[in-house]
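In: here you go, sequence then predicted model.
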Amino acid sequence: MPDENIHILIVEDESIVALDLATGLQREGYHIVGVADHAQEARKLFTSQEVDLLLMDIHIRGEKDGVETARELMAIKQVPLIYLTAYTDHDTIQRVKQTYPAAFLSKPYDIHHVRIAIELALNNFALFREQQTGKMIPLTATGMPNSRQKEGEEPLQEKETILQLTDYIFIKQNYRFIKIRMADILYASADDNYVHLHTVDKKYSLRISLSQLIDRINRPWLVRIHRSYAINLQAIQSFTEQEVIINKEHLPISRNYKDDFLKNFHFR
């Protein structure tokens with residue numbers, strides 16, 4: 001079963017603070033891949049583990065401080081970076097800004113504020129990456145009509161946050177973000193004001209229209225086959241001109257979407 005929890009690396013030289021932070025975040029549903037108190041250990045964990053987000057103290061053991069360590073880790077792989085520190089002097093802030101952190105928290109902190117910082121960090125990092133690539137920023141559904149919306153469909157006015165980073169999307173479930181590998185999405189189904197993302201063993205619900213979901217994910221393998229269904233082409237087990245079978249589910253192909261669906265296949 002895919003791990004939907006966000007993987008966090010903590011770099012903190014005060015063992016009591018690190019333990020308290022790790023325990024609190026685990027209680028909130030996050031996965032802690034490890035705790036390091038110096039640059040060498042941080043690099044080892046960062047390169048050997050799957051890390052989605054980095055919590056970095058500025059004052060750590062060894063010759064390299066947290067800012068220099070963060071700069072080296074970001075050169076290996078860019079992930080959302082949050083600084084947790086008691087150092088808020090002008091010179092430190094100027095150095096911190098050069099590493100483009102997604103959020104900054106000064107000590108002392110409480111776990112509620114850390115959770116908010118994580119949410120902001122994911123959001124800010126997704127925005128930053130989309131601006132770097134020059135793509136449309138798939139952050140929130142606005143309720144406005146779009147090019148994939150068929151005649152007669154009513155756009156939703158509610159907002160739903162969907163963040164896209166590399167091969168994953170992050171969606172809000174209850175009060176925290178969870179991650180879903182896009183390749184694990186088998187199909188999406190619309191039900192009144194909700195869209196459900198179906199994987200092999202789970203279903204995730206979002207208050208968004210199906211057209212808006214397709215625009216947010218914006219991948220060629222996610223194809224609309226019906227007013228109420230969009231499918232992952234790579235998950236198809238079999239199909240006819242009337243239906244698609246995915247994970248033993250029979251999903252109808254409507255007349256309005258059949259031609260666009262069949263264009264994805266080269267018939268001989």
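Out: Noted; the coordinates are in hand.

In: and the residue nearest to residue 179 when sequence neighbours are not counted, how far from residue 184?
Out: Take residue 179 and drop its neighbours on the chain: the residue closest to it by C-beta to C-beta, 6 or more residues apart in numbering is residue 168, 4.7 Å away. In short, each C-beta sits where N, CA and C put it, glycine included. To residue 184, residue 168 is 9 Å away according to C-beta to C-beta, to the nearest Å.

In: residue 54 contacts residue 12, correct?
Out: No. With contact defined as C-beta atoms under 8 Å, residue 54 does not reach residue 12; the gap is 11.3 Å.

In: where does this structure have low pLDDT?
Out: Along the chain, the parts satisfying pLDDT under 70 run over 1-2, 130-160, 267-268.

In: let's see it at 80
Out: Residues of the chain meeting the criterion pLDDT under 80: 1-3, 87-88, 127-161, 165-166, 174-176, 266-268.

In: could you chop it up by domain?
Out: Here the domain parsing of the chain from automatic domain parsing is 7-133, 185-262.

In: reformat the ones you listed as JSON lines; add distance to residue 163.
Out: Supplementary listing: the domains of the chain in JSON lines, determined by distance: least, C-beta to C-beta, whole Å:
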{"stretch": "domain 7-133", "distance to residue 163": "4"}
{"stretch": "domain 185-262", "distance to residue 163": "9"}
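
In: for the residue nearest to residue 179, give me its contacts.
Out: Contact partners of residue 168, counting by C-beta atoms under 8 Å, 6 or more residues apart in numbering, are 179, 180, 181, 182.

In: what number of residues lie near the last one?
Out: Okay, so that is residue 182. Neighbours of residue 182 under the rule other C-beta atoms under 10 Å: 16.

In: got the buried residues for the lengthiest helix in the chain?
Out: The longest helix of the chain (DSSP state H) is helix 111-133. When burial is assessed from 16 or more other C-beta atoms under 10 Å, helix 111-133 yields the following buried residues: 114-115, 117-119, 121-126, 129-130.
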